[in-house]
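S.K.: sequence and computational prediction follow.
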Amino acid sequence: MNNNLELKPKRKMGLVSLTMTGIGSIIGSGWLFGAYHAAKIAGPASLVSWVIGGIAVLVVALTYTEVATLFPKSGGPVRFLELTHGSIVGYMAAWATWLSIVTVIPIEAEASVQYMHSWQWEWAKPITSTIFNAQTQSLSFVGLLIAAGLMLIYFLLNYWSVSLFSKSQTSITIFKIAIPIFSVASIVAAGFHPQNFTAVNHSFAPYGWAGSLTAVATAGIVFAYNGFQSPMHFAGESKNPGKDLPRAIILTLIIAVFLYLGLQAAFIGGVEPSELAVKGWSLDFSSPFAQLAIALNLNLVVMLLYVDAFVSPSGTGITYMGTTTRMLFAMSEYGHLPKSWSKLHPKYHIPRAALWVNLFVGFIFLYLFRGWGQLAGIISAATVVTYIVGPMAAMSLRKLAPDAERPVRLKALQIIAPLGFAISSEVLYWSRWPLTGKVIFILLLGFVIYAYFQNKRGWKNIKQHMKSSAWLLGYFITMVVLSFIGSDQFGGINIIPFGYDMAVVAVVSLFFFYWGVNSAWLTPKLEHELAQLEVKSEPAKALLVKHSI
């Protein structure tokens, strides 16, 4: 008996569980380190960075709500472009999405261990003094063992069903929300210095406005906000995805924007002015908020921060361990990975083989990249690449199946979708050369895996798949070139000066967006999915008949 036909993920998650899943992903190590790294890059203008990042992600998220509610399946975002553009584009989107999130699992574990390094207790110093090297920003062998132990906990909490996972996640997330709020209030009350906002170079933006844009892409801002995707990966377990998914996504982002603005303001105002006079915003913190609290003698806040340095990253690690498992489940179902990875456990209804794969890959990244900051920029840039999926899939599905019944139908999708694609392209460009080139090169390496499994399946209709993927290859190559020849404020060789470069990126991205939409076609997989939906009007039914394969 075919296991995948008989077993489906159980629909147990409501609005609260889905929202907590999103917030649990967003409030991870990003809140412990994001404000610090953003301030180093942009100074007080990092406040603007969080707003820009929040708006950018919200625009993209709106497009996702239409597609995710139309096809509420586990691991949804890794499926969408497979439906509209075929296997090559679908695989590329899935590979980028999985890669950008599976690497978060070891980073969250590393964040917890790094905060241990600032523990003040004498009894702990023999351990804490040996787990992290502040000069190299790397974990020692002992630190790696502790981080690996945390990853095993993330694994085990996902190993025994979504029900156990969602219950633990809700309680963890409530705690995760409370601690940052309490920390912000305590720091502001104990030692807030308004003059800090213009202390360096007598400017709110001491490193120029380009710095505030770069911070969006590389300081952990996009990395922090990316948790908005988590509810969509659990769409297959949602009780009422049509209503609960969009609400959960929007609630997640609204809460996140206000929380991170408060954290950034508290960090900027909480730094001792004498430190700014000497170092500017090039501060040297290993445990930013804990060190601020220690300087202000906020002993209760310090204790809570040490506890939350395990709880917040672990909550995100738990969520992403489950999220990436659903991604591999979806990729396996589409034939891009071994079929055994989509086999569901007969009792717990989760793909345990995929869980083991994510744990193993997480260990590899933990060993190769031993500090929080070593992968943050790469993950953020890779994450931005995945943001093009929502706008492209939503607009393409409007073209291919305009009359399909949608639980969520955006009235202004013709504006929101291209805007979301252009914004995502801008943020990728802001990542700075050579990081943009490195990330796109890493993503393109995934085609080796694609070619291997495609060869096993055979190359039927490969010309159609290649034709519909030309826009994506052209987009990647063009973005690399633009990053290289762009303004020096974003790491380029300044052939296109600052200001004009962003205008060029916007125009070029719109060209590739409409090329991509026009490349969409009614794939056999999309035909199958549409056949499962109730189609309201005869034209849509006729579309299925006309393109039947």
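M.R.: Nice, thanks for sending it over.
S.K.: walking through this structure, point out its strands one by one.
M.R.: In the chain, the strands defined using DSSP state E lie at 132-133, 138-139.
S.K.: dump the ones you listed into CSV; add distance to Met303, mean pLDDT and mean neighbour count as well.
M.R.: Quick note: C-beta positions are derived from backbone N, CA and C, even for glycine. Shown next, in CSV, are the strands of the chain (distance: least, C-beta to C-beta, whole Å; pLDDT from 0 to 100; neighbours: other C-beta atoms under 10 Å):
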stretch, distance to Met303, mean pLDDT, mean neighbour count
strand 132-133, 20, 76, 20
strand 138-139, 23, 82, 22
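S.K.: may I see those strands organised as TSV, with distance to Ala295 added?
M.R.: Below are the strands of the chain laid out as TSV (distance: least, C-beta to C-beta, whole Å):
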stretch	distance to Ala295
strand 132-133	20
strand 138-139	25
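S.K.: between the ones you listed, which one is closest to Trp50.
M.R.: strand 132-133 (27.2 Å; C-beta to C-beta).
S.K.: ok, Ala412 - contacts?
M.R.: Residues in contact with Ala412 (C-beta atoms under 8 Å, 6 or more residues apart in numbering): none are found.
S.K.: and it, how close does it get to Leu62?
M.R.: Per C-beta to C-beta, to the nearest Å, Ala412 is found 9 Å from Leu62.
S.K.: of all the strands of the chain, which lies closest to Phe228?
M.R.: strand 138-139 (28.9 Å).
S.K.: direction included, what does the closest one pair up with?
M.R.: strand 132-133 (antiparallel) (DSSP bridges).
S.K.: can you count the residues close to Pro402?
M.R.: Pro402: 12 surrounding residues under other C-beta atoms under 10 Å.
S.K.: same deal with the one 5 residues further on?
M.R.: Each residue near Pro407 was counted by other C-beta under 10 Å, and the total is 16.
S.K.: right, and it touches Lys243 too?
M.R.: Yes. At 7.2 Å, Pro407 counts as touching Lys243 under the criterion of C-beta atoms under 8 Å.
S.K.: and for the spatially closest residue to Ala506 that is not a sequence neighbour, the neighbour number?
M.R.: If the residues on either side of it in the chain are set aside, Ala506 comes closest to Ala422, at 5.0 Å by C-beta to C-beta, 6 or more residues apart in numbering. Ala422: 23 surrounding residues under other C-beta under 10 Å.
S.K.: tell me the contacts of Ala422?
M.R.: Applying C-beta under 8 Å, 6+ apart to Ala422 gives the contacts Val505, Ala506, Ser509, Leu510, Phe513.
S.K.: list just the one of the strands of the chain that sits closest to Leu473.
M.R.: Set against Leu473 and scored by C-beta to C-beta, those come closest in strand 138-139, at 35.9 Å.
S.K.: in contact with the residue positioned nearest the centre of the chain, which residues?
M.R.: With distances taken as C-alpha atoms, centre = their mean, Asn226 lies nearest the centre of the chain, 3.0 Å away. Residues near Asn226 by C-beta under 8 Å, 6+ apart: Ser25, Ile26, Val57, Ser100, Ile101, Thr383.
S.K.: of the contacts of Ala422, which belong to helices?
M.R.: Using DSSP state H, the subset of those located in helices is Val505, Ala506, Ser509, Leu510, Phe513.
S.K.: now the buried members of those residues.
M.R.: Buried subset of the ones in helices among the contacts of Ala422 (neighbour count, 16 or more other C-beta atoms under 10 Å): Val505, Ala506, Ser509, Phe513.
S.K.: from Ile462, how far off is Lys40?
M.R.: In terms of C-beta to C-beta, Lys40 sits 47 Å off from Ile462.
S.K.: end to end, how far does stretch 286-306 reach?
M.R.: One end of stretch 286-306 to the other measures 13 Å (C-alpha to C-alpha, to the nearest Å).
S.K.: meant to ask about stretch 439-454
M.R.: 24 Å.
S.K.: 704 is where my numbering starts, stick with that
M.R.: Understood, numbering begins at 704; the last thing we discussed is stretch 1142-1157.
S.K.: in it, which residues are buried?
M.R.: Judged by neighbour count (16+ other C-beta under 10 Å), stretch 1142-1157 contains these buried residues: Val1142, Ile1143, Leu1146, Gly1149, Tyr1153, Phe1156, Gln1157.
S.K.: now swap in stretch 983-990 and tell me
M.R.: Under the neighbour-count criterion of 16+ other C-beta under 10 Å, stretch 983-990 has Trp984, Leu986, Phe988, Ser989, Ser990 buried.
S.K.: do stretch 1177-1190 as well
M.R.: Result for stretch 1177-1190 [16+ other C-beta under 10 Å]: buried residues Tyr1178, Phe1179, Thr1181, Met1182, Val1183, Leu1185, Ser1186, Gly1189, Ser1190.
S.K.: among those residues, which one lies nearest to Ala1012?
M.R.: Ser1186 (34.7 Å).
S.K.: pretty sure the closest one sits against Gly1140.
M.R.: Yes. In this structure Ser1186 lies within contact range of Gly1140 using C-beta under 8 Å: 6.4 Å.
S.K.: so who does Gly789 touch?
M.R.: Applying C-beta under 8 Å, 6+ apart to Gly789 gives the contacts Asn1164, Gln1167, His1168, Ser1171, Ser1172, Trp1224, Thr1226.
S.K.: dump the residue contacts of the fifth one.
M.R.: For Ser1172, the residues meeting the contact criterion (C-beta under 8 Å, 6+ apart) are His788, Gly789, Ile791, Val792, Met795, Ser1222.
S.K.: and the furthest pair within these?
M.R.: Taking C-beta to C-beta, the two most distant members of the contacts of Ser1172 are Met795 and Ser1222; they sit 13.2 Å apart.
S.K.: quick one: which of the two has more around it?
M.R.: Using other C-beta under 10 Å as the criterion, Met795 and Ser1222 rank with Met795 on top: 24 against 20.
S.K.: mind pulling up the pLDDT for the more buried one?
M.R.: You'll see Met795 listed with a pLDDT of 85.
S.K.: show me the contacts for Ala1206.
M.R.: Residues near Ala1206 by C-beta under 8 Å, 6+ apart: none.
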